[in-house]
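>>> Task: produce atomic coordinates for the following.
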Amino acid sequence: MRNLSLIIVAIFSIFLISSCAKTKKDKNENTITSGYIKIAVDQTMQKVIQNEIDVFEGLYPAKIEPIFTTETEAIELLKKDSVRLIVTARKLTEGEMNYFLDKKFQPKNVRIAIDGIALIIHPQNPDSIISADNVKKILTGEYTQWKEIFPGSKLGKIQVVFDNAKSSTVRYAIDSICRDKPISQNLSALELNEEVVDYVSKSPGALGFIGVNLISDDADTTAIDFTKKIQVMRVSREELADRYNSVQPYQYYIYTHEYPFVRDIYFIVNDPRGELPKGFSRFVSSDKGQRIIKRSGLLPSTMPISTVHITD
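Numbers count the residues shown, from 1 in each chain. The predicted model follows:
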């Protein structure tokens, strides 16, 4: 009887050990469409990437945990090998690419969308049309008062506000708007795009810079609520802006580049084994993934959009 009990205990122990080993193996085992990974995402792209994740996880036995952070921190996490996939608003620089090549890695830059930088102001600000040149003059500190652009304005100081000092939006302002001139040191930065919207909605003299996907999804109740709290400026490439030569960052105007402040969005994938990071990248680049991007209000990278004539 005692021997039988020992045999039963031994069999149970073997079964328990093998089950634990299998569970551990399953948890650590990634394929193109299954497993678990962390990814780092520029927080200006939070809404659209979360939508992509939700659909992907609904289709496949995979768990993707996003870290929504600044562009700078996302790249640092990739360099530390804390994540194998990041979402940014630029490619890796030559120096960053060489860092990975020295470690025998070859990360890939995959363009997934084209985004716009939206300029938002208080809903009671009567001046909602501006030239790209005047935006540059604001960012470089040449203009600091609303009346310097709009002589009849009584709003006083232009309170420029960004989401985060290390964000891709600030970098875009420095690299693509200011260009040959340094950005002013008298600009403000908060933490999140949502905080910029909230600040502008309460500050008549404010001018906020945000990623357009925060306010462009007509099916998203949060985006709809945000657009009720602020107004989006129309921007012109012409020196003298008017209602006929200025546009808002709609998909079509991003597509035609009539809207001046646009940028590419990239997946940067460092996945030498070709597992879940690569699979998720392929999904977002596929027809289904690109339709999610299109629905969000951004311009898909690999599929056409419908041209619609918009009249005021």
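>>> so what pLDDT did the residue lying closest to residue 114 once chain neighbours are set aside get?
In space, residue 114 comes closest to residue 299 once its chain neighbours are excluded; the distance is 4.0 Å by CB to CB, 6 or more residues apart in numbering. (Each C-beta comes from the backbone N, C-alpha and C, glycine too.) pLDDT recorded at residue 299 is 91.
>>> where's residue 299 relative to residue 144, distance?
Distance, residue 299 to residue 144, by CB to CB, to the nearest Å: 33 Å.
>>> Please say which of those two ends up with more neighbours.
Per other CB atoms under 10 Å, whichever of residue 299 and residue 144 has more neighbours is residue 299, with 25 against 15.
>>> The more buried one reaches residue 48, doesn't it?
No. The pair residue 299 / residue 48 is not scored as a contact, 11.5 Å apart, by CB atoms under 8 Å.
>>> any common contacting residues for the two?
113, 293 (CB atoms under 8 Å, 6 or more residues apart in numbering).
>>> three-state assignment of the spatially most central residue of the chain?
Nearest residue to the geometric centre of the chain (CA atoms, centre = their mean): residue 45, 2.1 Å. Put simply, residue 45 is helix when judged by DSSP: H, G, I helix; E, B strand; the rest coil.
>>> Tell me the spacing between the closest residue to it other than its chain neighbours and residue 175.
Excluding its sequence neighbours, the residue lying closest to residue 45 (CB to CB, 6+ apart) is residue 87, at 5.3 Å. Note on residue 87: its distance to residue 175, by CB to CB, is 18 Å.
>>> higher neighbour count, those two?
Neighbours per residue (other CB under 10 Å) separate residue 87 from residue 175, with residue 87 holding more: 28 against 13.
>>> List the neighbouring strands of the host helix or strand of the more buried one plus their orientation.
Assigned by DSSP states H and E, residue 87 belongs to strand 85-88. Its sheet considered, strand 85-88 pairs with strand 35-42 (parallel), strand 262-269 (antiparallel) by DSSP bridges.
>>> Residues contacting the first one, please?
Which is strand 35-42. 27-30, 49, 62-71, 73-74, 77-78, 82-89, 167-168, 275-277, 280.
>>> next one: the last one
The set of residues external to strand 262-269 that reach it, using CB under 8 Å, 6+ apart, is 45, 75, 78, 84-92, 107-117, 168, 172, 176, 249, 254, 277-278, 281, 284-285, 298, 301.
>>> Check stretch 60-73 too.
33-43, 46, 49-50, 53, 56-57, 74, 77, 83, 88-90, 164, 166-168, 171, 276, 279-280.
>>> what mean pLDDT would you report for stretch 44-57?
94.
>>> Distance from the chain centre to the strand holding residue 87, please.
9 Å (CA atoms, centre = their mean, to the nearest Å).
>>> Also stretch 71-88?
Here stretch 71-88 is found 14 Å from its chain centre; the criterion is CA atoms, centre = their mean.
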